[in-house]
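Q: return atomic coordinates for the entry below.
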Amino acid sequence: MKGRAAVVGILTMLWALPLGAGEKMTMKVSPEVSFAPAHLVVRTMIVADASNRAMEIVAESPDFYRSSEIQLDGERAPRTAMFEFRSLPSGMYEVRATLIGDNGHARAFVRQQVNVVASGGAR
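A: Numbering: from 1, shown residues only. I've put the predicted structure just below:
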C-alpha cells in the first residue's frame, strides 16, 4: 500500500513540474492516428504571464479547416486548456496552437501532425 501511495505522489509531482526552460506553451494531441470520423482532443499547457491574451487552436488538412479560440486573462488564466475537434474527415492534419500576447502578436507556437485514416467502408 505504501508503494502505491509513493508512485501516486511521484506522478503528481511530475505533473506539477513547470514547462521546460524557455517554453511558454506545450501541446499534446490524441490520438495521433485514428479512423474517420475522428474525435481529436488537444491539451495545452501555458506558463502564467500577464501578457497572455488568447489562444488559437487550428486543425487543418488539405481539404478541411477547423479552429477554436479562447480569451485568456493574463496571469490569472488557467494553466491548462482542452479543446475537442469532432467528426474530422480523413486526411493528414497539422494541429497548431498559438499563444497570443497583449500586443496581438504570437508569443508561442507549437504544432503536431495527426493522421485520420478513411474507415474501411469509405472509398
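
Q: and the next helix or strand past the least confident helix or strand in the chain by mean pLDDT?
A: Here the helix or strand of the chain ranked lowest by mean pLDDT, DSSP states H and E is helix 2-16, holding a mean of 47. As assigned by DSSP states H and E, the chain's next helix or strand after helix 2-16 is strand 25-30.

Q: ok, residue 103 - how many residues close by?
A: By the criterion of other C-beta atoms under 10 Å, residue 103 has 9 neighbours. Backbone N, C-alpha and C define where each C-beta goes, glycine included.

Q: find the nearest non-adjacent residue to it, please.
A: Spatial nearest neighbour of residue 103, chain neighbours left out: residue 51 (7.8 Å); criterion: C-beta to C-beta, 6 or more residues apart in numbering.

Q: could you pull out the buried residues of stretch 111-123?
A: Buried residues in stretch 111-123, counting neighbours by 16 or more other C-beta atoms under 10 Å, are found at 114, 116.

Q: low-confidence regions, this structure specifically.
A: 1-22, 121-123 (pLDDT under 70).

Q: now do the strands in it.
A: Counting by DSSP state E, the chain has strands at residues 25-30, 33-35, 38-46, 52-61, 64-71, 80-88, 91-101, 106-117.

Q: partner strands of the fourth one and their direction?
A: Strands that pair with strand 52-61, judged by DSSP bridges, come out as strand 64-71 (antiparallel), strand 91-101 (antiparallel).

Q: list the contacts for residue 101?
A: Contacts for residue 101 (C-beta atoms under 8 Å, 6 or more residues apart in numbering) come out as 51, 52, 53, 107.

Q: and the gap between it and residue 113?
A: 26 Å (C-beta to C-beta, to the nearest Å).

Q: what of residue 107?
A: Counting by C-beta to C-beta, the gap from residue 107 to residue 113 is 23 Å.

Q: returning to what we had before: now which of the contacts of residue 101 would you call buried?
A: Buried subset of these (neighbour count, 16+ other C-beta under 10 Å): 52, 53, 107.

Q: what's near enough to touch the last one?
A: What that stands for is residue 107. The contact partners of residue 107, taken as C-beta under 8 Å, 6+ apart, are 24, 25, 49, 51, 52, 99, 100, 101.

Q: TSV for those residues, including distance to residue 63?
A: Conversion of the contacts of residue 107 to TSV gives the following (distance: C-beta to C-beta, whole Å):
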residue	distance to residue 63
24	31
25	28
49	36
51	36
52	33
99	27
100	27
101	32
